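*Asks:* sequence unavailable; structure follows:
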């Protein structure tokens, strides 16, 4: 199975005054194309730092980060920008929609930055995605006219409109009620199956973890273990008190994440 993300002995340090904060320590991780995984851990464990390195919005202090075959250490800032634009989609817990733009314009914006498609091609792609996420009837609305769940649907469409290889979602359900959060996760799983896009979540919400094919656990900047969906099913039988978040559904075979120690 082809890996779309490869991290080898990656560390990330931040200097705060006279203190060095070890946000990540010797992390090695391989993620296969088309996977749907969760990076799980408490606040301050290094989840967001890990996503930032995969998303090329930060650089590692040491180690190797390879995204879709590109070693980020060898890339200049412009090349990193192009990699983010063409290979990676982002979904934020605060949505990060442009308030003065309509739903349609928010989703179209990354395509304008790419500058590859004609007006007709952009319209076709944007409206197709808005229909898939169930928000096409609100294409002329502005973000402040939408509910939280509707805004997150727009954010998902915007993340997918460039047809990225990877979508990074940082606490995507944190600002949503449980029912809406369930719907959003189901929608992302559906898009994962349709588009074969790799989804990587950062969360400490157990309800979100129940939907992942693989869970990678992180604590104190280190990966401390992983669990694929078959193992979680066995664990669930042993612990009947733990309930799954969302509707029952057919799951595709899991693609375990490889962790090098």
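*Replies:* It's in. All values derive from a computational prediction rather than experimental measurement.
*Asks:* identify the residues contacting stretch 79-89?
*Replies:* Identification of contacts with stretch 79-89 by C-beta atoms under 8 Å, 6 or more residues apart in numbering yields 54-57, 67-68, 70, 72, 75, 110, 113-114, 158-162, 164-168, 197. Heads up, the C-betas are built off the backbone N, CA and C, glycines and all.
*Asks:* and if we set it to 6 Å?
*Replies:* Applying C-beta atoms under 6 Å, 6 or more residues apart in numbering, the contact partners of stretch 79-89 are 55-56, 68, 70, 113, 159-160, 164-167.
*Asks:* buried set for it?
*Replies:* 80, 83-84, 86-89 (16 or more other C-beta atoms under 10 Å).
*Asks:* point out where this protein drops to low pLDDT.
*Replies:* For the chain, applying pLDDT under 70 flags the ranges 1, 229-261.
*Asks:* so which residue is smack in the middle of it?
*Replies:* Nearest to the geometric centre of the chain sits residue 168, at 2.0 Å (C-alpha atoms, centre = their mean).
*Asks:* how about the secondary structure of it?
*Replies:* strand (DSSP: H, G, I helix; E, B strand; the rest coil).
*Asks:* helices of the stretch 51-200 of the chain, start to end?
*Replies:* With helices called from DSSP state H, counting those that start in this stretch, the stretch 51-200 of the chain shows them at 77-87, 103-114, 119-132, 148-160, 178-195.
*Asks:* how near is residue 8 to residue 223?
*Replies:* Between residue 8 and residue 223 the computed distance is 12 Å (C-beta to C-beta, to the nearest Å).
*Asks:* higher neighbour count, those two?
*Replies:* Neighbour tally, residue 8 and residue 223, criterion other C-beta atoms under 10 Å: the higher count belongs to residue 223, 24 against 15.
*Asks:* need the contact list for residue 111.
*Replies:* 117, 122, 161.
*Asks:* could you report the neighbour count for the nearest residue to residue 71 once chain neighbours are set aside?
*Replies:* Once flanking residues are discounted, residue 71 sits nearest to residue 64: 6.4 Å by C-beta to C-beta, 6 or more residues apart in numbering. Applying other C-beta under 10 Å, we find 15 residues neighbouring residue 64.
*Asks:* all set now, cheers.
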